[in-house]
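Engineer: Have a look; sequence and predicted model below, questions after that.
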Amino acid sequence: MRTMTYPRMLLVAAVSLAALAGCDAPGLTSKNAKAPNAVAKSGPVGTTQLTGATMAKPAAALPAVQTPTVFSPGLSVSDVVARECGIQPREASNQTVPTFDFDSTALAPADRDMLAEVAKCLTEGALKDKNVALIGRTDARGEPEYNMGLGDSRASAVQRYLVDLGVGKDRLRATSRGEIDATGTDEEGWAHDRRVDIELAL
């Protein structure tokens, strides 16, 4: 039997190592191999490249921006809540005095009737597993801090009434916008600003 000489063994070992070094690692080919410090050729840092790829759509589309649709003198119900609960628009009223008089948090009979419909929908109707936002609003007269508190008091009055009708308090998020979105410039406009919006909480 022939024995290998030391120089021959070194030569075989070198050839074997060279062959192994030339093999690709699993999942890595010479086509997609990149030098560790290679600079991307996509453009300067901070720029964005648009591609033709489209983003996956969510499983269920969220409601679009909610708009007030059904009004009582001191309340507005969003289009989403009105549609889900089957709340119909009220006939136009000649009443010019708003439910929420200047500096008032008292609910009128028409408001209580509307809240009874909302409560029924929240306890046994289409929204029985949903939460709602109660957004108190004021006209722009008075100090902003005071109006923020007044809007909160109006939303809390609506919240208490709905709780009395059987809706869980944890499902009613009472907040205030105060005078932030007020647009009125006369008594009719100011009356419209003094309300509580009822919206589906997203």
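Structural biologist: Everything's here; your move.

Engineer: The lengthiest helix in the chain - what's its average pLDDT?
Structural biologist: Criterion DSSP state H: the longest helix present in the chain is helix 144-164. Here helix 144-164 scores 96 as its mean pLDDT.

Engineer: Repeat that for stretch 66-83.
Structural biologist: On average, stretch 66-83 scores 91.

Engineer: Alpha carbons only: can I get that stretch in CSV?
Structural biologist: Provided in CSV are the C-alpha atoms of stretch 66-83 (Å, rounded to 0.1, in the frame of the first residue of the first chain):
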residue,chain,number,x,y,z
GLN,A,66,-69.0,60.0,10.6
THR,A,67,-71.2,63.0,9.9
PRO,A,68,-74.2,64.2,12.0
THR,A,69,-77.4,63.0,10.3
VAL,A,70,-80.3,62.9,12.7
PHE,A,71,-80.9,65.8,15.1
SER,A,72,-83.0,66.6,18.1
PRO,A,73,-82.7,70.0,19.6
GLY,A,74,-79.6,69.1,21.7
LEU,A,75,-78.3,66.0,20.1
SER,A,76,-76.9,64.7,16.8
VAL,A,77,-76.6,61.1,15.8
SER,A,78,-74.0,60.1,13.3
ASP,A,79,-74.9,58.6,9.9
VAL,A,80,-73.3,55.3,11.0
VAL,A,81,-75.3,55.0,14.3
ALA,A,82,-78.5,56.2,12.6
ARG,A,83,-78.2,53.6,9.8
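
Engineer: and it, which residues are buried?
Structural biologist: For stretch 66-83, the neighbour count (16 or more other C-beta atoms under 10 Å) marks 66, 68, 70-82 as buried. From N, CA and C alone the C-beta is placed, and that goes for glycine too.

Engineer: Among those, pick out the one closest to Gly142, please.
Structural biologist: Distances from Gly142 to those, taken as C-beta to C-beta, are shortest for Gly74 (17.4 Å).

Engineer: quick revisit: can I get the longest helix of the chain in CSV, CA atoms only?
Structural biologist: These are the backbone C-alpha positions of helix 144-164, laid out as CSV (Å, rounded to 0.1, in the frame of the first residue of the first chain):
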residue,chain,number,x,y,z
PRO,A,144,-62.3,78.2,26.2
GLU,A,145,-61.6,76.4,29.5
TYR,A,146,-65.1,77.0,30.8
ASN,A,147,-66.6,75.8,27.5
MET,A,148,-64.5,72.7,27.6
GLY,A,149,-65.9,71.9,31.0
LEU,A,150,-69.5,72.7,29.9
GLY,A,151,-69.1,70.4,26.9
ASP,A,152,-68.0,67.7,29.3
SER,A,153,-71.0,68.3,31.5
ARG,A,154,-73.4,68.0,28.6
ALA,A,155,-71.8,64.7,27.4
SER,A,156,-71.9,63.4,31.0
ALA,A,157,-75.6,64.2,31.2
VAL,A,158,-76.3,62.1,28.1
GLN,A,159,-74.1,59.4,29.5
ARG,A,160,-76.0,59.3,32.8
TYR,A,161,-79.3,59.1,30.9
LEU,A,162,-78.2,56.2,28.7
VAL,A,163,-76.8,54.4,31.8
ASP,A,164,-80.3,54.8,33.4
